[in-house]
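Asker: here is my input; please provide its structure:
(2 chains)
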Number of protein chains: 2
Amino acid sequence: MTEPTQTSHKHAQTTPPRPAVNPLLVEVTRGSMVENRHRAAVAVVDVEGRVVLSAGDVEALVYPRSAIKPLQALGLVESGAAEAFGCDDKEIALACASHNGEAAQAEAVAAWLERIGCTEGDLECGPQLPTHQASLEELLRAGGGASALRNNCSGKHVGFLTLAKHLKVPTKGYILWEHPVQQTLLGILEMMCGLDLRAAPRGIDGCGIPQIGIPLGNLALAMARFADPADQPERRQVACARIAKAMTAEPYMVAGTGRMCTRVLAATGGRALVKTGAEGVYCAALPELGLGLALKVDDGATRASEFLLAQLLQRLDQLDSAAAAELKQDIAPVLHNRVGLEVGQIQRGADWSF
Amino acid sequence: MTEPTQTSHKHAQTTPPRPAVNPLLVEVTRGSMVENRHRAAVAVVDVEGRVVLSAGDVEALVYPRSAIKPLQALGLVESGAAEAFGCDDKEIALACASHNGEAAQAEAVAAWLERIGCTEGDLECGPQLPTHQASLEELLRAGGGASALRNNCSGKHVGFLTLAKHLKVPTKGYILWEHPVQQTLLGILEMMCGLDLRAAPRGIDGCGIPQIGIPLGNLALAMARFADPADQPERRQVACARIAKAMTAEPYMVAGTGRMCTRVLAATGGRALVKTGAEGVYCAALPELGLGLALKVDDGATRASEFLLAQLLQRLDQLDSAAAAELKQDIAPVLHNRVGLEVGQIQRGADWSF
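Answerer: Residues are numbered from 1 along each chain as shown, chains lettered A, B, ... in the order given. Here you go, the predicted model:
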């Protein structure tokens, strides 16, 4: 793990040489053979930066994508914006969400926008159709179409608009690197990851905001600090607890019907604060253990990142028997074909060593 | 490559030891760094089984999925079923298709079904919504829903029904291993691949038919024999030519609007007879060169299999300047986000060696 350089005086544990190839952690079978193989890196660290569990190259840079939305929501909460605009649990959960674009989610975003004096036209995330199949069909059958409200990131974006309003800066261009909103989030991310990120590799996310390349181990460190913010400034401690409470109280708003984030948040009752990201990223804050988890599948497959998260939550004893029963399909996924037959499963890969 | 054992007296070229890890052939960038990495194996062989070009473990078993539909269509054509039931180019192309479920495709399947005395209820592929977004929206807005006609495999399935009718066997259960239709296709596949496949690993495809694990190199051999069937029985030679003609004449029916198979078939005018399969498989028969190509992406990503196919067609000089211009987005894919910004590209991976 890259040693924290900026905001922490604690030293990261010395790690072994970086592996040339990430381990084969996930396999997908069909009938009597393995059809697909996914390689990945995993980092589980504590607030001191100690690596508790790892696989693969935890120093490799990854784009966290949507998996750090709970960290980005810190900007909304610790600035006082959430309180000033009266945000409730649902709204704070939506700020952390990659939601399905279901009607109830889009409506909640619309109501929040109106309350801060904005409209859908102020959202800069671009239009999207619901990712939830039944909601998509319902919308299209009713003559609707893609919109910014239905964009899976719309909750995060109205959170950004709320922060801009609170900072009394123009909302236009709030997705740009130079905008005070993004610079505020950069500062938070640097403190949480323990890194100077100003010169880190950058890209643009699906919804238009900057993405920053961060070593996987430092991403896990940020989640550990979110899980156990005792060493953070007091307003951040309060904000971490406020966001954890909202995600736990409103799991549906964080993702939606049929989604793993929602299932895990509901089943664990806040023991595992999990958030998925595009291209095979998953992050989790584990408050009871004071640990952070970050994983990235080399090829970006969601089926592999979800399977790994479920396996790791079990490995870390974060699923009691009731939670394990509710997450049965996540822990031991069975694949079906179009006629409903069981055709395969997702299982631990040949290099699994936990 | 596994040596042909059953139907060929020709010996496969001796190959080097099987690599433990397939090479990194495809990378996906975002901004200034690589975000995703795809490993794959590639085999290009001639009708003698000589490996002309390869990467990775070409002896590893893969499920060909839909990439062998042109080989499966041999059963329809060489049995005399296609002629007896008056199948035209569109229908033979549909038998080779993983189509979009567009209206024109579903209508053509329905007309063919009616002509052979069957109905949609005889299709055993299961229901599916169109994979083509505009067609999906059109269907749902008109109050329609998933159906077997819209299943991407429906053309292949009506081809199977046509063969069953011609063989004068019950159509029910035509997707089962034991059914005369599937046993006919098994025999064809064994001859084309040069392997006894009766004891090969098996699974069930998305549409319910058997899938057979085949070494990648032998899959490429089968495509080489399809490309240059001079050593095959005469009725198979005629059938290969008939199918090649249909795929070339009706590229839209093989896939559909916006699809790579359709673009390549149209742009190359039959120089490259290409067919995609689920989970990162692509096959091609190259008649001018007398070569067959098969590739499989370890993790099953279509973006990687499509990129590799385009690169290999260029490498094998199968794209003239006009074709290369038409396939520009396939050869050098640029990725855009929801607001239309260029955010990354797909490029050759670190282990590219062709």
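Asker: now do the SS call for A:Thr29.
Answerer: The three-state label given to A:Thr29 by DSSP: H, G, I helix; E, B strand; the rest coil is strand.
Asker: what's the nearest residue to it if we skip its chain neighbours?
Answerer: Of all residues not flanking A:Thr29 in the chain, A:Gly344 sits nearest, at 4.5 Å (CB to CB, 6 or more residues apart in numbering or on different chains). From N, CA and C alone the C-beta is placed, and that goes for glycine too.
Asker: residues near that neighbour, how many?
Answerer: The local packing of A:Gly344 (other CB atoms under 10 Å in any protein chain shown) involves 22 other residues.
Asker: any residues touching the host helix or strand of it, and which ones?
Answerer: Using DSSP states H and E, A:Gly344 sits in strand A:342-348. Outside strand A:342-348, the residues that touch it by CB atoms under 8 Å, 6 or more residues apart in numbering or on different chains are A:25-31, A:35, A:303-304, A:307, A:311, A:332-337, B:203-206.
Asker: buried only: go through those residues for me.
Answerer: A:25-31, A:35, A:303-304, A:307, A:311, A:333, A:335, A:337, B:203-206 (16 or more other CB atoms under 10 Å in any protein chain shown).
Asker: looking at the residues you listed, which are in strands?
Answerer: A:25-30, A:35, A:335, B:203-204 (DSSP state E).
Asker: redo those as TSV? Include distance to B:Ala294 and pLDDT.
Answerer: Shown next, in TSV, are these (distance: CB to CB, whole Å; pLDDT from 0 to 100):
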residue	distance to B:Ala294	pLDDT
A:Leu25	27	98
A:Val26	24	98
A:Glu27	21	98
A:Val28	19	98
A:Thr29	21	98
A:Arg30	17	98
A:Glu35	15	98
A:Leu335	23	97
B:Gly203	18	98
B:Ile204	21	98
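Asker: A:Arg236 is in contact with A:Asp228, isn't it?
Answerer: No - proximity of A:Arg236 to A:Asp228 does not meet the contact threshold set by CB atoms under 8 Å, at 11.8 Å.
Asker: low-confidence ranges, chain A, go.
Answerer: In the predicted model, chain A carries pLDDT under 70 at residues A:1-15.
Asker: residues in contact with the residue nearest the centre of it?
Answerer: Centroid-nearest residue in chain A, with CA atoms, centre = their mean: A:Ala67, separated by 2.1 Å. A:Ala67 makes contact with A:219, A:275-277, A:281-283, A:294, according to CB under 8 Å, 6+ apart.
Asker: do A:Leu335 as well
Answerer: By CB under 8 Å, 6+ apart, the contact set of A:Leu335 is A:28, A:30, A:342-346.
Asker: ok, so of these, who is nearest chain B?
Answerer: Closest approach between those and chain B, by CB to the nearest CB: A:Arg30, at 3.6 Å.
Asker: isn't the closest one right up against B:Arg202?
Answerer: No - if you go by CB under 8 Å, A:Arg30 and B:Arg202 don't touch, sitting 9.0 Å apart.
Asker: what residues are bridge-paired with the residue of the stretch 201-350 of chain A at minimum distance from chain B?
Answerer: In the stretch 201-350 of chain A, no residue comes nearer to chain B than A:Gly203, which is 2.5 Å away by CB to the nearest CB. Per DSSP bridges, the residues bridged to A:Gly203 are A:Gln211.
Asker: name the residues contacting each of A:Arg30 and B:Arg202.
Answerer: Shared contacts of A:Arg30 and B:Arg202 (CB under 8 Å, 6+ apart): B:Gln211.
Asker: ok, which stretches of chain A are helices?
Answerer: For chain A, helices defined by DSSP state H occupy the ranges A:69-78, A:81-84, A:89-95, A:103-115, A:133-141, A:154-167, A:180-193, A:216-227, A:234-249, A:251-254, A:260-268, A:302-315, A:321-326, A:328-331.
Asker: can you put those helices in TSV and add distance to B:Val77?
Answerer: Shown next, in TSV, are the helices of chain A (distance: least, CB to CB, whole Å):
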stretch	distance to B:Val77
helix A:69-78	54
helix A:81-84	67
helix A:89-95	56
helix A:103-115	50
helix A:133-141	37
helix A:154-167	52
helix A:180-193	60
helix A:216-227	53
helix A:234-249	58
helix A:251-254	53
helix A:260-268	46
helix A:302-315	37
helix A:321-326	51
helix A:328-331	42
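Asker: can you list the residues of the stretch 1-150 of chain A near chain B?
Answerer: A:21, A:28-33, A:35-39, A:61-63, A:124-128, A:136-137, A:140-141, A:143, A:145 (CB under 8 Å from any CB of the partner chain).
Asker: isn't A:Asp231 up against A:Arg225?
Answerer: Yes - contact status for A:Asp231 versus A:Arg225: in contact at 7.3 Å, counting by CB under 8 Å.
Asker: list residues touching both of those two?
Answerer: With CB under 8 Å, 6+ apart, A:Asp231 and A:Arg225 have common neighbours A:Val47.
Asker: neighbour count winner among these two?
Answerer: The residue with more neighbours, out of A:Asp231 and A:Arg225, is A:Arg225; 28 against 14, by other CB under 10 Å.
Asker: are any of the residues of the stretch 1-150 of chain A next to chain B buried, and which?
Answerer: A:28-31, A:33, A:35-39, A:61-63, A:124-126, A:128, A:136-137, A:140.
Asker: ok, now how distant is A:Glu178 from chain B?
Answerer: From A:Glu178 across to chain B, the span is 16 Å (CB to the nearest CB, to the nearest Å).
Asker: sorry, slip of the keys, the one I care about is A:Val158.
Answerer: Distance, A:Val158 to chain B, by CB to the nearest CB: 16 Å.
Asker: can you tell me which residues contact that residue?
Answerer: Each residue near A:Val158 by CB under 8 Å, 6+ apart is listed here: A:91, A:94-95, A:109, A:112-113, A:116, A:118, A:123.
Asker: list only buried entries from the residues you listed.
Answerer: Buried among the contacts of A:Val158 (16+ other CB under 10 Å): A:91, A:94-95, A:109, A:112-113, A:116, A:118, A:123.
Asker: can you tell me which of the residues you listed is nearest chain B?
Answerer: Closest to chain B, out of all of those and judged by CB to the nearest CB, is A:Leu123, at 10.3 Å.
Asker: need the nearest residue in space to that closest one, chain neighbours excluded.
Answerer: Among residues not flanking A:Leu123 along the chain, A:Ala148 sits closest, at 3.9 Å (CB to CB, 6+ apart).
Asker: got the phi/psi numbers for that neighbour?
Answerer: In terms of degrees, to the nearest 10, the main-chain angles of A:Ala148 are phi -70, psi -30.
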